[in-house]
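this one's structure only:
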């Protein structure tokens, strides 16, 4: 019997596509699963969550896996080398800090991600945190539930129109947030990016020194990947460059901010507050002072978790697997790791 016909491959002139086994290390949306099956692939779902050690053992017992889709699982060298037929790892999301890109490259494994899938959701989430902080939304909600209707007089909010938003990292989510703030709220937007391209950032004032952004902005939103260069980038010294009363928003990675020093700066009243979707340790442990702070809004690393973004991530991850297993270059390849010194 010939292998199941892959309609996508046929449209691209590839004729018949051999079936490959694709492992879902963590569950993905049904549209992505359906795409893989319609392309003729055998989809297997692993137990969730798996540690790197458990995943390595599972792959050793499933040696014919050629494609893998992961969310936030740690994919280290041992995991990669435990799957001898592996050709592609598709990240269901944007950040690549939990995948060993060097080991993948050395073993001939293509790594992809979905940078265009969740930029709207992440930008909207950052904006939600900005709005909630500026209008004391959580505090007002609690006060009304406690029959304190006069909180509006003791804790008035702030308008965003005319205020300055500083963005560190002008990838897709940063650029999307900038346009929302410029055109939706009439804010001034200043930003830092290591690869400035004014054509991609209309209306945004690009600043060559990211520390200067901290001193200008009423709201600072982080949109940079976690790399050796950005880990621990924002600590007490940097936070104290911010204007008194300014707010920090982090929807990127918790390890970019030195959390203990952020807590100290918040407790000292040096900045106005923070909106945090990510943490150094996730979930934050009981007793973490952030959990008790009235001027901090916390969300569960869910900025990208909307129905629409999850569907797009599933589809784009599946599309990448199908393309690589069909011999096509992926649309969203991960950046190649830097060469060894």
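That came through, no problem. Quick caveat, the model's predicted, so the values are computed rather than measured.

how about the strands in the protein?
21-24, 42-45, 65-70, 88-91, 110-112, 164-168, 188-192, 205-206, 219-222, 247-250, 273-276, 296-298 (DSSP state E).

For the fifth one, which outside residues touch it?
Spelled out, it's strand 110-112. 87-91, 96, 99, 101, 104, 317, 320-321, 324, 330-334 (CB atoms under 8 Å, 6 or more residues apart in numbering). From N, CA and C alone the C-beta is placed, and that goes for glycine too.

Buried among those? Make that a PyMOL selection.
Per 16 or more other CB atoms under 10 Å, the buried members of the contacts of strand 110-112 correspond to this PyMOL selection:
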select buried, resi 87+88+89+90+91+96+99+101+104+317+320+321+324+330+332+334
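
Hey, what's the angle from the top helix by length along the chain to strand 65-70? Just curious.
For the chain, the helix that runs over the most residues, judged by DSSP state H, is helix 307-325. In terms of direction (axes from the mean of the first three to the mean of the last three CA atoms, to 10 degrees), helix 307-325 departs from strand 65-70 by 160 degrees.

list the buried ones in helix 307-325?
309-325.

just stretch 295-303 next, same as before
295, 296, 297, 298, 299, 301, 303.

quick one on the thing from earlier: with mean pLDDT and distance to residue 35 added, can I get the strands of the chain in TSV?
Formatted as TSV, the strands of the chain follow (pLDDT from 0 to 100; distance: least, CB to CB, whole Å):
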stretch	mean pLDDT	distance to residue 35
strand 21-24	96	10
strand 42-45	95	10
strand 65-70	97	11
strand 88-91	98	12
strand 110-112	98	14
strand 164-168	98	34
strand 188-192	98	35
strand 205-206	98	38
strand 219-222	98	33
strand 247-250	98	33
strand 273-276	98	34
strand 296-298	98	35
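
Export those strands as JSON lines, with columns for distance to residue 149.
Formatted as JSON lines, these follow (distance: least, CB to CB, whole Å):
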{"stretch": "strand 21-24", "distance to residue 149": "50"}
{"stretch": "strand 42-45", "distance to residue 149": "51"}
{"stretch": "strand 65-70", "distance to residue 149": "49"}
{"stretch": "strand 88-91", "distance to residue 149": "48"}
{"stretch": "strand 110-112", "distance to residue 149": "52"}
{"stretch": "strand 164-168", "distance to residue 149": "31"}
{"stretch": "strand 188-192", "distance to residue 149": "34"}
{"stretch": "strand 205-206", "distance to residue 149": "41"}
{"stretch": "strand 219-222", "distance to residue 149": "28"}
{"stretch": "strand 247-250", "distance to residue 149": "25"}
{"stretch": "strand 273-276", "distance to residue 149": "23"}
{"stretch": "strand 296-298", "distance to residue 149": "22"}
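
And stretch 206-214, how far out from the chain middle?
22 Å (CA atoms, centre = their mean, to the nearest Å).

Give me the mean pLDDT for stretch 50-62.
Average pLDDT, stretch 50-62: 89.

what residues are up against the closest residue to residue 279 other than its chain neighbours?
Spatial nearest neighbour of residue 279, excluding adjacent residues (CB to CB, 6 or more residues apart in numbering): residue 254 at 4.1 Å. When contacts are counted by CB under 8 Å, 6+ apart, residue 254 touches 276, 278, 279, 280, 281, 282.

The first one: how many residues sit nearby?
Residue 276 is surrounded by 23 other residues when neighbours are defined as other CB atoms under 10 Å.

Quick check: the gap between it and residue 291.
11 Å (CB to CB, to the nearest Å).

tell me, what's touching these two both at once?
residue 298.

re earlier: need the max-distance pair from the contacts of residue 254.
276 and 281 (12.3 Å; CB to CB).

Which residue ranges make up each domain of the chain?
For the chain, automatic domain parsing gives the domain ranges 7-117+307-325, 119-298.

And those, which one averages the lowest pLDDT?
domain 7-117+307-325 (a mean of 89).

chain center to that one: distance?
The answer for domain 7-117+307-325 is 18 Å, by CA atoms, centre = their mean.

List the residues that contact the residue nearest to residue 42 when sequence neighbours are not counted.
Nearest non-adjacent residue to residue 42, counting by CB to CB, 6+ apart: residue 21, 4.7 Å away. Applying CB under 8 Å, 6+ apart, we find residue 21 in contact with 41, 42, 44, 62, 64, 65, 66, 67.

Now with 10 Å, please.
Under the criterion of CB atoms under 10 Å, 6 or more residues apart in numbering, the contact list for residue 21 reads 41-44, 62-68, 83, 85, 325.

before we move on, what about residue 100?
52, 74-81, 89, 106-107, 109, 111, 337 are the contacts of residue 100 under CB under 10 Å, 6+ apart.

Just the buried residues of the residues you listed.
Buried, going by 16+ other CB under 10 Å: 52, 74, 75, 76, 79, 80, 81, 89, 109, 111, out of those.

Is the last one bridged to anything, and to what?
Beta-bridge pairing of residue 111 under DSSP bridges involves residue 89.

how close does it sit to residue 329?
Taken as CB to CB, the span from residue 111 to residue 329 is 13 Å.
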